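# Just the structure for this:
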Amino acid sequence: MELFDTHTHMDAPQFDGDREEAIQRALDQGVTRMINIGFNRETIPTTMKLAESHDFIYAAVGWHPQDAITMKEEDLDWIAELCKHEKVVAIGEIGLDYYWDTSPKEVQHEVFRKQIRLARKLGMPISIHNREAHEDVVRILREEKANEVGGVMHSYSGSWEIAKMCLDLGFHLSFGGPITFKNAKQPKEVLFKTPMDRLLIETDSPYLTPHPFRGKRNETGHVTLVAEAAAELKGVSVEEIAEITTRNALERFGIH
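Numbering: from 1, shown residues only. Coordinates of the predicted model:
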């Protein structure tokens with residue numbers, strides 16, 4: 001069984017004490033590939049270092065909406081330059097975050113638009129961060145013709161109505177720890193309705209830890225628990241979920 005964690009932060013300081021051990025635990029659990037996310041001036045270099053030192057770790061690079069206010073024009077040039085690297089498979093995570101009030105909305109919108117335009121220019125898929133900003137995210141994706149490159153709605157948390165709009169734009173939906181939570185009706189309903197060929201799984205570690213480890217640090221090896229929950233919701237075997245989501249990820253991110 002091969003699993004692909006499409007969104008993780010194994011470079012995070014939470015792993016400073018046991019990073020290589022945590023990566024090895026993921027491999028032991030059947031994780032054969034992962035995409036680590038570099039989302040600002042600090043995490044892009046640490047993400048690139050991880051991707052360059054491990055065959056099975058790929059990178060996405062972009063500017064997170066919480067950090068939008070810090071992005072300069074040269075950062076966009078830096079992202080563009082890094083996209084030439086063979087291990088960089090997406091621009092992200094990019095999008096809008098209306099939960100954390102760290103960057104003004106208009107700044108977030110501008111930074112989001114600039115990165116979608118860059119992705120279209122380079123032909124790179126995008127990884128979308130969307131927190132409590134569903135309508136604006138979809139509107140900007142439409143206005144900026146993001147359907148030309150597509151990508152993934154990371155840790156999807158919206159309604160089925162919004163999900164359908166994202167699917168219509170050619171995006172995949174990725175699900176993580178919340179689908180294992182007893183009270184998480186909406187993500188479970190959306191995953192159930194998501195076409196198999198558009199389904200991805202992730203951990204977003206060290207965050208969004210699945211049950212029964214909720215409240216503890218998440219790590220990429222826990223993507224097995226996400227796969228098990230997805231299999232149960234879809235009424236298929238965990239092996240089938242692993243095979244389909246891995247194939248979807250390889251195709252979506254152009255990994256051969």
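# longest helix anywhere in the protein?
Secondary structure of the chain per DSSP state H: the longest helix is helix 105-122.
# ok, then the element right after that helix?
Next in sequence after helix 105-122, counting helices and strands by DSSP states H and E, comes strand 126-131.
# Relative to that next one, what are the paired strands and their orientations?
strand 88-97 (parallel), strand 151-153 (parallel) (DSSP bridges).
# show me where the stretch 151-256 of the chain has helices.
160-168, 185-193, 223-234, 238-252 (DSSP state H, counting those that start in this stretch).
# can you list those in a markdown table and add mean pLDDT, distance to Ala22 and mean neighbour count?
For the C-beta atoms, the positions are set from N, CA and C on the backbone; glycine is no exception. Putting the helices of the stretch 151-256 of the chain into a markdown table (pLDDT from 0 to 100; distance: least, Cβ to Cβ, whole Å; neighbours: other Cβ atoms under 10 Å) gives the following:
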| stretch | mean pLDDT | distance to Ala22 | mean neighbour count |
| --- | --- | --- | --- |
| helix 160-168 | 98 | 31 | 17 |
| helix 185-193 | 97 | 25 | 17 |
| helix 223-234 | 98 | 12 | 22 |
| helix 238-252 | 98 | 20 | 19 |
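# Between these, which one is closest to Asp5.
helix 223-234 (4.4 Å; Cβ to Cβ).
# Now do that closest one: everything it contacts.
By Cβ atoms under 8 Å, 6 or more residues apart in numbering, the residues outside helix 223-234 that reach it are 3, 5, 26, 29-31, 175-177, 179-180, 188, 191-192, 196, 199, 201-203, 210-211, 213, 237-238, 240-242, 245.
# what about His85, helix or strand, and which?
Using DSSP H and E, His85 falls outside every helix and strand.
# That one and Thr47 touch, don't they?
No: the criterion here is Cβ atoms under 8 Å, and His85 misses it with Thr47 at 10.8 Å.
# Which residues are in contact with each of these two?
Contacts common to His85 and Thr47, judged by Cβ under 8 Å, 6+ apart, are Ala59.
# Which one of the two is surrounded by more residues?
Thr47 (27 against 14; other Cβ atoms under 10 Å).
# Quick one, grab the pLDDT at that one.
Thr47 is assigned a predicted lDDT (pLDDT) of 98.
# if you skip the residues just before and after it, what's nearest to it?
Gly38 (3.2 Å; Cβ to Cβ, 6 or more residues apart in numbering).
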